[in-house]
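Undergrad: Quick one, structure for this:
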Amino acid sequence: MKINEIFYSIQGEGAWTGRPNIFIRTTGCNLRCSFCDTKYAYKKGKTMTVKEITEKIGKYPCKYICITGGEPLLQNDIIDLIDKLLKKRYKISIETNGSISIEKISDKKSLMISLDIKCPTSNMHENNFLENINFLKKDDQLKFVIKNKDDYEYAKKILEKYKPLCTVFLQPVWGKNPKNLTKWIINDGLNVKLGLQIHKIIWGEKRKA
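TA: Prediction:
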């Protein structure tokens, strides 16, 4: 498995916001979103075995893990890693870009799937595998990154069609004032949460703490 970095910090997004997490960032992504903030993970990294990864994270005083990328589901042995970590009683979230089926991991307990759906301004929305929404459990989460009203309306249509069971986050593109997005959510009475990247509020756009 090719790993870009492993580090210990605060989760800045989604349901685990503010909770210390061990982050395992895999190398490689099949998408090229216009606002991507982890371009350094496209190619850079080193090959590590599942055993080497589990040994490295063992030094951190934490049982919450975020597997992110890049796109973790591109890794051939990602399910093996997940299973090994679950056996060690870690609680895991896996962040995936929504273009690859999550069916093989959708029934794993103590694994929270954090599924992105790409909106038009990402220039990657045609790659969405929207059937993934039907695999999400109540304790998973769904995220849309919103840049403008067109993105917001796109997200609304998907929510109306698929009616996801899990918590939905609408997150403004970093650097965009969240006031408009907040107003749209309130005015439409959407059953969603506004997501803010608190790790960037704390540290700016530094890669990690």
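
Undergrad: From now on I want contacts and neighbour counts done on CA atoms only, so please keep to that.
TA: OK.

Undergrad: How about residues contacting the longest strand that the chain contains?
TA: Ranked by number of residues, the top strand in the chain under DSSP state E is strand 2-10. Contacting residues not belonging to strand 2-10 are listed as 17-27, 41, 44-48, 57, 60, 69, 75, 199, 208-209 [Cα atoms under 8 Å, 6 or more residues apart in numbering].

Undergrad: Which of those fall within helices?
TA: Among these, the members found in helices (DSSP state H) are 57, 199.

Undergrad: Which of the contacts of strand 2-10 are buried, as a PyMOL select command?
TA: Provided next is the PyMOL selection string for whichever of these are buried by 16 or more other Cα atoms under 10 Å:
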select buried, resi 17+20+21+22+23+24+25+26+27+41+45+57+69+75+199
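
Undergrad: Averaged pLDDT, the longest strand of the chain. What do you get?
TA: Across strand 2-10, pLDDT averages out at 97.

Undergrad: How about stretch 125-137?
TA: Mean pLDDT, stretch 125-137: 97.

Undergrad: residue with max distance from the center of the chain?
TA: For the chain, the residue at maximal distance from the C-alpha centroid (Cα atoms, centre = their mean) is residue 187, at 26.8 Å.

Undergrad: for the residue positioned nearest the centre of the chain, which residues make a bridge with it?
TA: By Cα atoms, centre = their mean, the chain has its centre lying nearest to residue 95, at 3.0 Å. Taking DSSP bridges as the rule, residue 95 bridges to residue 114.

Undergrad: Help me confirm that it comes into contact with residue 66.
TA: Yes. Look at residue 95 against residue 66 with Cα atoms under 8 Å: they come within range, at 7.4 Å.

Undergrad: Between the two ends of stretch 116-134, how far is it?
TA: 13 Å (Cα to Cα, to the nearest Å).

Undergrad: ok, and what's touching that stretch?
TA: With Cα under 8 Å, 6+ apart as the test, stretch 116-134 has contacts from 31-35, 95-103, 142-147, 150-151, 154-155, 162, 164.

Undergrad: Write a PyMOL command that selects only the buried members of those.
TA: Selection of buried members from the contacts of stretch 116-134 for PyMOL, criterion 16+ other Cα under 10 Å:
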select buried, resi 31+33+95+96+97+98+99+100+101+102+142+143+144+145+146+147+151+154+155+164
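
Undergrad: what residues are up against residue 71?
TA: By Cα under 8 Å, 6+ apart, the contact set of residue 71 is 26, 27, 28, 29, 30, 95, 96, 97.
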